[in-house]
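Asker: Provided below for reference: sequence and predicted model.
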Amino acid sequence: MNVPMTTPVVALVGNPNAGKTSLFNALTGSRQKVGNYPGVTVERKAGKLALPDGRIANLIDLPGTYSLTPRSPDEAVTRDAVLGHLKGEKSLDAIVAVIDATNLRNHLRFVLELRRLGLPMLVALNMIDLAERDGTSIDIDRLSSILGVPVVATVAVRRRGLDALGVGLAGVLRGETPEIAASPEADVRLLQREARVIADTVTLAVGGHRKWSQRLDGIALHPVFGPVLLAMLLFLMFQAVFAWAEAPMEWLAALVSSAQGLLNGSMSEGPLRSMLVDGVLGGVGAVIVFLPQIIILFFFILCLEQSGYMVRAAFLMDRLMARVGLNGRAFIPLISSFACAIPGIMATRSIDSPKDRLTTILIAPLMTCSARLPVYAVIIGAFIPTTLVGGIFNLQGLVLFGLYIAGVVGALVAAWALRHTVTKGESPTFLMEMPKYQWPAPRDIGIGLYQRAMAFLQRAGGIILVSTIVLWALATWPKPPADWNRPALEYSAAGRIGAALEPIFRPIGFNKEIALALVPGMAAREVAVSALGTVYSLQGSEEDQAKGLVERLRGTWSLPTALAFLAWFVFAPQCISTLAVTRRETGGWAWPAFMFTYLFVAAYAAAGITYWTAKILL
Ligand SMILES: Nc1nc2c(ncn2[C@@H]2O[C@H](COP(=O)(O)OP(=O)(O)OP(=O)(O)O)[C@@H](O)[C@H]2O)c(=O)[nH]1
Ligand SMILES: [Mg+2]
């Protein structure tokens, strides 16, 4: 669309967790990530907002910050945007200052700082529903007249007050509100005092209903019960990933294998049938069946993020993290890395100390990302029995939990080692605002799950499909001569690549098929599974295909090999996208190269130790 030069630019600015992105989504129809903890947004995002007078404005969502003096890279983005220092960017025509009605004193301080810039401004008094729930009542007209700018009460998540906000903003942009005089910077303490006075003046009734939240914190942050609760929650999560997903996964697997049967029955033998049956269904199908597990995992992560518990968990982890030289702040990017290391690495932008940030980036790939779930699940499904341990715990869930723990322990050890060598330096203490507890909104969870599921399916239909077909082609051609009496795969290009790589991996118990699967696995980790699916599908008969990957692995791999493969993936040098994001965030190839090397060495060592220990013990 051609945007006329006159399109006004309006930015949402405010303290972290005030609800800026929620407002942005509601006003522009976007679906940017929202979460109940400070530091969710780390980049500038833009959208179009239709004003009631028919004009269109460019609305910009920014990372939250406490002041215009940035402490971390994400806060610097906000300062630059507000001060008009961003390259190639038109300076702002107006600011919508978003403040949390339940935390006026702190949020008003930043409004006062913003007002000094002299830009046209409107205040969105957000989360007014929570203030009402607490029994707090605010004199909005009074607040508006003291600040000298329009104030509109909003509830971003329920779309309350959006029309009034639009009307107010249109008025501000037309210059209908009194101009604000720019004034020089003032002392922070002065601003703080002024904010306090204003907050006290406009607060008509003070709420006293925060007791239950304190009671919850009494348990969640308790030195003994807190960690127990956290461990129980994480544990429940991994049990659920296996227990709840079982039935839908079986349906999906049955669907894939009946589709293979159908194609085998209806198409004549040839490359096209082989590509569809072995490449597409054998490979991508092997990954798609994990959709239910991915959804369950994300359901738990989203609930943790939305409820406000995440920051409590970070607080609990702070002591442990301090021992390895990190602060609790790093916990949140690390938890995000359970979904994928890429958003996790992006989330480190809210860490103020550069060395802390670098360390967190370097260990983020050790947190088990959801792309590794299919890899773990396929091996666990093939080699770990479904026995109940102690009558309630599914052994498969326990092993999965163990693998996640192994990743976390690996990350802590790596952090400790890094902090004592390459990223040596002071670590600031953990300072983070506790968000309010909230029930996760079903709509937000629904949208979040839908987005993750679509992203997973897009990967399956994109990079995973492409790499699988490439691998299928490499594994099919060149065709062996007539007198070749060994498996055709060995003659193919892929077979030769596998054979060439095998000597590197033989000492740690990997066979040719694994060595081969690791290569495309760099594109996306699930591809390691789809690659095995394709390779074994090509090797097997039609009956074998009906068995599926799990059963075929059971027949061909030894237990030590399977365990070594799991250990490899705890540390596995991450996918290419992670390396690319690391390059962008660290500004060069040196750190991604370092990351790749140390993870490769760790993966190799872990797989080797596992293989030989298992071989000797079993
Ligand atoms: N009850 C209630 N919750 C809200 C409201 N607005 C936002 N929230 C919730 O508050 C949390 C923070 O919202 P975000 O929109 O991510 O906040 P943000 O200001 O963009 O935060 P950062 O990006 O970290 O600076 C989320 O859990 C939202 O669901 C509101 O008006 N009422
Ligand atoms: Mg945000």
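Answerer: Looks like it came in fine. Ligands and ions are numbered 1, 2, ... in the order given.
Asker: For whichever residue of the stretch 501-618 of the chain sits closest to ligand 1, I want the exact helix or strand it lies within.
Answerer: Residue of the stretch 501-618 of the chain nearest ligand 1, by CB to the nearest ligand atom: Glu585 (18.0 Å). C-beta here means a position set from N, CA and C on the backbone, and glycine is covered the same way. According to DSSP states H and E, Glu585 maps onto helix 576-586.
Asker: Quick one: mean pLDDT for the helix or strand just after that helix?
Answerer: For helix 576-586, the following helix or strand on the C-terminal side (DSSP H and E) is helix 590-617. Regarding helix 590-617, the rounded mean pLDDT is 95.
Asker: Summarise which helices and strands helix 590-617 is packed against.
Answerer: With contacts defined as 3 or more CB pairs under 8 Å, 6 or more residues apart in numbering; DSSP states H and E, the packing partners of helix 590-617 are helix 354-363, helix 395-420, helix 559-571, helix 576-586.
Asker: in the helix or strand just after the longest one, what's buried?
Answerer: Which is helix 395-420. Per DSSP H and E, the first helix or strand lying C-terminal to helix 395-420 is helix 442-459. Using 16 or more other CB atoms under 10 Å as the test for burial, helix 442-459 gives Asp444, Ile445, Gly448, Leu449, Arg452, Phe456, Leu457, Arg459.
Asker: looking at this protein, which helix or strand is least sure?
Answerer: helix 542-556 (a mean of 76; mean pLDDT, DSSP states H and E).
Asker: Could you pull out the strands in this protein for me?
Answerer: Assigned by DSSP state E, the strands in the chain fall at 9-14, 45-50, 56-61, 94-100, 121-126, 137-138, 151-153, 203-205, 388-389, 393-394.
Asker: The third one near ligand 1 at all?
Answerer: No. Interface with ligand 1: strand 56-61 contributes nothing (CB under 6 Å from any ligand atom), its closest point being 6.9 Å away.
Asker: What angle do strand 94-100 and that strand make with each other?
Answerer: Counting by axes from the mean of the first three to the mean of the last three CA atoms, to 10 degrees, strand 56-61 lies at 40 degrees to strand 94-100.
Asker: tell me which parts of this structure are close to ligand 2?
Answerer: Within the chain, the positions adjacent to ligand 2 are Lys20, Thr21, Val40, Thr41 by CB under 5 Å from the ion.
Asker: where's the dip in pLDDT among those?
Answerer: Val40 (91).
Asker: Measure how buried the residue nearest to it when sequence neighbours are not counted is and give me the count.
Answerer: Closest residue to Val40 apart from its sequence neighbours, by CB to CB, 6 or more residues apart in numbering: Lys33 at 5.8 Å. Neighbour count for Lys33, taken as other CB atoms under 10 Å: 16.
Asker: re earlier: how about the strands of the chain in a markdown table, adding mean pLDDT and mean neighbour count?
Answerer: Below are the strands of the chain laid out as a markdown table (pLDDT from 0 to 100; neighbours: other CB atoms under 10 Å):
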| stretch | mean pLDDT | mean neighbour count |
| --- | --- | --- |
| strand 9-14 | 97 | 24 |
| strand 45-50 | 95 | 16 |
| strand 56-61 | 96 | 21 |
| strand 94-100 | 97 | 25 |
| strand 121-126 | 97 | 26 |
| strand 137-138 | 92 | 18 |
| strand 151-153 | 97 | 22 |
| strand 203-205 | 84 | 13 |
| strand 388-389 | 80 | 10 |
| strand 393-394 | 79 | 18 |
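Asker: what sits against the residue minimising distance to the centre of the chain?
Answerer: Centroid-nearest residue in the chain: Ser336, 3.9 Å away (criterion: CA atoms, centre = their mean). Ser336 makes contact with Pro343, Gly344, Ala347 under the criterion CB atoms under 8 Å, 6 or more residues apart in numbering.
Asker: The closest residue in space to the last one that isn't next to it in sequence: how many residues sit nearby?
Answerer: The reference is to Ala347. Spatial nearest neighbour of Ala347, excluding adjacent residues (CB to CB, 6+ apart): Pro333 at 3.9 Å. Neighbourhood size, Pro333 [other CB under 10 Å]: 26.
Asker: my guess is Pro333 meets Ile345, correct?
Answerer: Yes. Pro333 lies in contact with Ile345 (CB atoms under 8 Å); the separation is 7.1 Å.
Asker: what touches both of those two?
Answerer: Ala364.
Asker: which residues sit in contact with the residue of the chain found nearest ligand 1?
Answerer: Ligand 1 sits closest to Gly64 of the chain, with a gap of 2.4 Å, by CB to the nearest ligand atom. Gly64 makes contacts with Gly14, Asn15, Pro16, Asn17, Ala18, Lys20, Pro38, Gly39, Val40, Thr41, Thr78, as judged by CB under 8 Å, 6+ apart.
Asker: residues in contact with the closest residue to Ala205 other than its chain neighbours?
Answerer: Distances taken as CB to CB, 6+ apart place Ser137 nearest to Ala205, at 4.5 Å, with adjacent residues excluded. Contact partners of Ser137, counting by CB under 8 Å, 6+ apart, are Ala131, Thr203, Leu204, Ala205.
Asker: now Ser137: how far from Val123?
Answerer: In this view, Ser137 and Val123 are 17 Å apart by CB to CB, to the nearest Å.
Asker: Kindly report the same for His85.
Answerer: In terms of CB to CB, His85 sits 24 Å off from Val123.
Asker: ok, back up a step: report all helices and strands that the helix holding Glu585 contacts.
Answerer: Against helix 576-586 (3+ CB pairs under 8 Å, 6+ apart) you get helix 341-347, helix 354-363, helix 590-617.
Asker: CA atoms only for it, dumped as CSV, please.
Answerer: The C-alpha trace of helix 576-586 is given here as CSV (Å, rounded to 0.1, in the frame of the first residue of the first chain):
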residue,chain,number,x,y,z
ILE,A,576,21.5,-22.9,11.4
SER,A,577,18.9,-20.3,12.3
THR,A,578,20.1,-20.2,15.8
LEU,A,579,23.7,-19.6,14.6
ALA,A,580,22.4,-16.8,12.3
VAL,A,581,20.5,-15.1,15.1
THR,A,582,23.5,-15.4,17.4
ARG,A,583,25.5,-13.7,14.7
ARG,A,584,23.0,-10.9,14.5
GLU,A,585,22.8,-10.4,18.2
THR,A,586,26.5,-10.5,18.8
